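Colleague: need a 3D model of the sequence below.
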Amino acid sequence: MERGYRSVAIDGPAGAGKSTMAKRLAGALNFLYVDTGAIYRTVGLAAFQSGTAPGDRAGVSALLPGLDIGLAHGADGLQHMSLNGADVTEEIRRHEISAYASGVSALPEVRAFLLERQRALARTHDVIMDGRDIGTVVLPRADVKIFLTAAPEARARRRYEELLARGQSADYPAVLRDLLERDERDSSRAAAPLRQAEDAVLVDTTGLSLEESFSLLLETVRGRLGA
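Modeller: Below is the predicted model:
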């Protein structure tokens, strides 16, 4: 009998801690972690490198056939991204790439280009997948759906501290402004807008520490999986 793989979808706005929480959950549950945002960031980086505006639908679409996007998981369980043979795992996290990722992810051609790649991973592994439309579009039949959020100010503060920890220059008001603009773009785009799935559990981590947030999520996911 073919094994039935389990899937956990974690959606939410930028800076909600999806990647951090999903990585830890995957380790605790022995699931494969799939950071879909990193995949879109890789397409955004390709647009950036080519000088193509992220909202240039024709220009970005023309880039897609020539992109060799690789996704691999090392022994450490971390997801590494490559673009045309070059490891771009760190480069895609640059602050200026965030706007490119948001722009290209609004394009239907980009979403169609990446959709099957994401679903294929869920057919062959137990997965925890995070993004903006996992529970609504990519994995609408996921076993567990979480909508992870926090107040904009809390999310901006986390993103600001994350950038500083990576050695990047950052300005908190600018990070907050960019985050609010991205929230608006992600929620209002025509293709797979950010929204909470009807059967998703809302988890708001405003005011919670990292450990408190993780404990709440782990308890929620285990309860839903019956693990």
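Colleague: what residues are up against the residue nearest to residue 109 when sequence neighbours are not counted?
Modeller: Using C-beta to C-beta, 6 or more residues apart in numbering and skipping the chain neighbours, the partner closest in space to residue 109 is residue 61 (4.4 Å). For every residue, glycine as well, the C-beta is placed using N, CA and C. Shown in contact with residue 61 (C-beta atoms under 8 Å, 6 or more residues apart in numbering): 107, 109, 110.
Colleague: what lies in contact with the least confident helix or strand in the chain by mean pLDDT?
Modeller: Least confident helix or strand of the chain, by mean pLDDT, DSSP states H and E, is strand 69-73 with a mean of 86. Defining contact as C-beta under 8 Å, 6+ apart, one finds that strand 69-73 is touched by 32-34, 38-39, 42-43, 79-83, 85, 117.
Colleague: residue 25 contacts residue 31, correct?
Modeller: Yes - the pair formed by residue 25 and residue 31 meets the contact definition of C-beta atoms under 8 Å, at 7.3 Å.
Colleague: got a markdown table for the contacts of residue 61, with secondary structure and pLDDT too?
Modeller: Supplementary listing: the contacts of residue 61 in a markdown table, determined by DSSP: H, G, I helix; E, B strand; the rest coil; pLDDT from 0 to 100:
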| residue | secondary structure | pLDDT |
| --- | --- | --- |
| 107 | coil | 93 |
| 109 | helix | 94 |
| 110 | helix | 95 |
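Colleague: reformat the residues you listed as CSV; add distance to residue 145.
Modeller: Formatted as CSV, the contacts of residue 61 follow (distance: C-beta to C-beta, whole Å):
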residue, distance to residue 145
107, 25
109, 26
110, 23
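Colleague: reformat these as CSV; add neighbour count and distance to residue 68.
Modeller: Shown next, in CSV, are those (neighbours: other C-beta atoms under 10 Å; distance: C-beta to C-beta, whole Å):
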residue, neighbour count, distance to residue 68
107, 23, 19
109, 16, 17
110, 24, 15
